[in-house]
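Trainee: The sequence and its predicted three-dimensional model are supplied below.
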Amino acid sequence: MARLLIAASGTGGHLFPALAVAERLPHWDIHWLGTRERMDGRMVPKRYPLHWVAMGGLQGGCLERLRRLIQLPLAVRAVERLLHQQHRTVVFTTGGYIAAPAILAARLAGLPVLLHESNAVAGRVTRLLGGCCSGVALGWNSTRLGRPPKRTWTTGTPVRSMFYRPVPLPEWAPRGPGPLLVVMGGSQGARGLNRMVRQQARPWLEEGCRLVHLCGRNDPEMGSLRHPAYVERPFTDEMAGLLQHGDLVISRAGAGSISELAASRCPAVLVPYPHAADQHQEANAAAVAASGAAVIVHENPDGAPLDRAIRRLLGPRLSMGTPAPDPLVAMVAAMGRLARNDAAADVAKVLETLHQN
């Protein structure tokens, strides 16, 4: 029997694609490797046995980085013991710092390991350890890798099945005739993006827009804006319903979010996180904008460029000024062309092949 260990932790960009792949392997015995105090602790135990490992990224000062480097061999040994105790036969990871001990432990245990890299710019772990894997699945065919892995597959980024079936608009979302604008900063929120939206949102609301604002769990300004057509939440599990019924999204440019937008055919204003490692969100946003599915607005203190973009894109649906062609129609079609509807199934097939071989 196939016994899979999935190492995916931290943000939705790592967690949700891994969950999408797991959905495609219903007859496999799946265990999960995560870290404490992250999203995985809230979402994974409902579905799979969750094991913890102490591991963090290399951000921070010299002492913090040294502590993390010391932590790595201990984490590798802990994962290797887990692989033997649970009789795992294959390992899958979606990157991030938890991928390092998972990949190294799998190689020490002689097990096949598949890494999925979702971003247009490969992450640090992919560049350093991709060559140690049995293969790397890519979200973008243009992604450049460091040390070449044994094999690569361009699969796209897996998206959960809920995005591919009709889902109603959540009951708590504002109703009315105006266009629905959805703001999402990612599973961790985005203070700079939230501030830009709140500075500019009231005129949009007064002119007929409905707005759902997913502001994250650590937003100190939550509750500062109130309007009958404005709903604010830290997070939701009903994202598929929002995106399927949304006219436009304001979003960070994580690869997971972009894949969900593509699956939902929802056009976007992308605001790349300015401090993302290797500026990978800039590269992701540029690839989507080049296809015509999104426009890019960079984070700035006053939010005026964001207001101009929203007025240009939603203006025809809000009757802002003289009638004009609706730019969202072409953006919807372009976003649909980006969708890789078989990504989760394709990654699952690769895992099945690695297990059989």
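Mentor: Structure's in. What do you need? Residues are numbered from 1 along each chain as shown.
Trainee: got the residue ranges for the helices in the stretch 101-250 of the chain?
Mentor: 124-129, 191-206, 239-245 (DSSP state H, counting those that start in this stretch).
Trainee: buried residues in the shortest one?
Mentor: Think helix 124-129. Of the residues in helix 124-129, those buried by neighbour count under the rule 16 or more other CB atoms under 10 Å are Arg124, Val125, Thr126, Arg127, Leu129. The way it works is simple: take the backbone N, C-alpha and C, and place the C-beta from them, glycine included.
Trainee: One more: the second one?
Mentor: Of the residues in helix 191-206, Arg191, Gly192, Leu193, Asn194, Arg195, Met196, Val197, Arg198, Gln200, Ala201, Trp204, Leu205 count as buried by neighbour count, 16+ other CB under 10 Å.
Trainee: Which of those residues sits closest to Arg77?
Mentor: Using CB to CB, Arg191 comes nearest to Arg77 of the buried residues of helix 191-206, at 37.6 Å.
Trainee: Quick check: closest non-adjacent residue to that closest one.
Mentor: The shortest distance from Arg191 to any non-neighbouring residue, by CB to CB, 6 or more residues apart in numbering, is to Asp219 (6.3 Å).
Trainee: Surely that neighbour touches Arg195?
Mentor: No: using CB atoms under 8 Å, Asp219 makes no contact with Arg195, being 9.2 Å away.
Trainee: which of the buried residues of helix 191-206 lies closest to Glu260?
Mentor: For the buried residues of helix 191-206, the nearest to Glu260 is Leu193 (16.9 Å; CB to CB).
Trainee: From Ile310, how far off is that closest one?
Mentor: 13 Å (CB to CB, to the nearest Å).
Trainee: Need the residues touching each of those two.
Mentor: Ile250 (CB atoms under 8 Å, 6 or more residues apart in numbering).
Trainee: if I look at the closest residue to Ala7 other than its chain neighbours, how far off is Ser9?
Mentor: Distances taken as CB to CB, 6+ apart put Ala102 closest to Ala7, at 3.5 Å, once the chain neighbours are dropped. Ala102 sits 10 Å away from Ser9, going by CB to CB.
Trainee: can you check Leu19 too?
Mentor: Leu19 sits 12 Å away from Ser9, going by CB to CB.
Trainee: okay, those two: which has more neighbours?
Mentor: Neighbours were counted for Leu19 and for Ser9 using other CB atoms under 10 Å; Ser9 has more, 29 against 23.
Trainee: Quick one: residues contacting that one.
Mentor: Residues in contact with Ser9 (CB under 8 Å, 6+ apart) are Leu15, Leu33, Gly34, Thr35, Arg38, Met39, Asp40, Gly96, Ile98.
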